[in-house]
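Participant: Fold the following.
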Amino acid sequence: VYVSLGTIYNNAPEFFRLCIEAFTDSNFAAVISTGGRVEPESLGPVPENIIVRPWVAQTSVLRKASLFVTHGGMGSVHDGLYLGLPLLCVPQQEEETLTALRVAQLGAGVVIKRSDLTANTLRVQAARLVAEPRFAAASQRLGETLRAAGGAQRAADLVEELLAARGAGPQAHA
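Facilitator: Numbering: from 1, shown residues only. Below is the predicted model:
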């Protein structure tokens, strides 16, 4: 399991402690990225099946994960779906809530409101997302559409084509 609240609303030591509690004595190995605002040492003792770091190479960790516990930010959601992972979304703000609800609507994950979050809820929903193949199947289908769209390179090419068509391409800034 990979856990991250992204880069903006990640000053949440209580959330990270809940994740540690949820995955302690579980069948999960977890990697928790605190985002740099919460020092891993401040979270207390961490069992051997959990790694807590300020930062990790997100896509590298996601490639080895079976579940992504995320805030539901657009970049993280795209990373998780691109790699076909079910998402357990715990939104921190309104935009993330909308994105998370869409993930759930498309069957690629579930949403837990912060007000409903407990270690038990987190553990139960994580186990459900991994055990029920429909979540991974939906995420993999969505990932196929993202990969077929061409990714970041295709997006950059389209922006350059648009700028060139308007006479404002990279050469216009030279």
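Participant: Next, the closest residue to residue 40 other than its chain neighbours: secondary structure please.
Facilitator: In space, not counting the residues next to it along the chain, residue 40 is nearest to residue 52; the distance is 4.0 Å by CB to CB, 6 or more residues apart in numbering. C-betas here are computed from N, CA, C, even on glycine. Per DSSP: H, G, I helix; E, B strand; the rest coil, the local secondary structure of residue 52 is strand.
Participant: Residue 52: neighbouring residues, count only.
Facilitator: 21 (other CB atoms under 10 Å).
Participant: pretty sure it contacts residue 43?
Facilitator: Yes. When contacts are counted by CB atoms under 8 Å, residue 52 is listed as touching residue 43 (6.2 Å).
Participant: okay, and the common contacts of these two?
Facilitator: 16, 20, 34 (CB atoms under 8 Å, 6 or more residues apart in numbering).
Participant: My reading is that residue 98 lies in a helix. Confirm?
Facilitator: Yes. The assignment for residue 98, made by three-state DSSP, places it in a helix.
Participant: residues near it, how many?
Facilitator: So residue 98, with other CB under 10 Å, has 13 neighbours.
Participant: that older thread, now, the shared contacts of residue 52 and residue 43 that are in strands?
Facilitator: Residues from the shared contacts of residue 52 and residue 43 lying in strands, with DSSP state E as the criterion: none.
Participant: Residue 100 contacts residue 91, correct?
Facilitator: Yes. Residue 100 lies in contact with residue 91 (CB under 8 Å); the separation is 4.8 Å.
Participant: shared neighbours, these two?
Facilitator: Shared contacts of residue 100 and residue 91, counting by CB under 8 Å, 6+ apart, come down to 72, 111.
Participant: Show me where the chain has its helices.
Facilitator: Secondary structure of the chain by DSSP state H: the helices cover 13-23, 58-62, 74-82, 94-105, 119-131, 133-148, 151-165.
Participant: what sits against residue 166?
Facilitator: With contacts taken as CB under 8 Å, 6+ apart, residue 166 has no neighbouring residues.
Participant: hmm, I was thinking of residue 67
Facilitator: Here residue 67 is in contact with 1-2, 28, 85-88, 126, 129-130 (criterion: CB under 8 Å, 6+ apart).
Participant: what's the closest non-adjacent residue to it?
Facilitator: Spatially, and ignoring its direct neighbours in sequence, residue 67 is nearest to residue 1 (4.8 Å; CB to CB, 6+ apart).
Participant: This completes my enquiry, with thanks.
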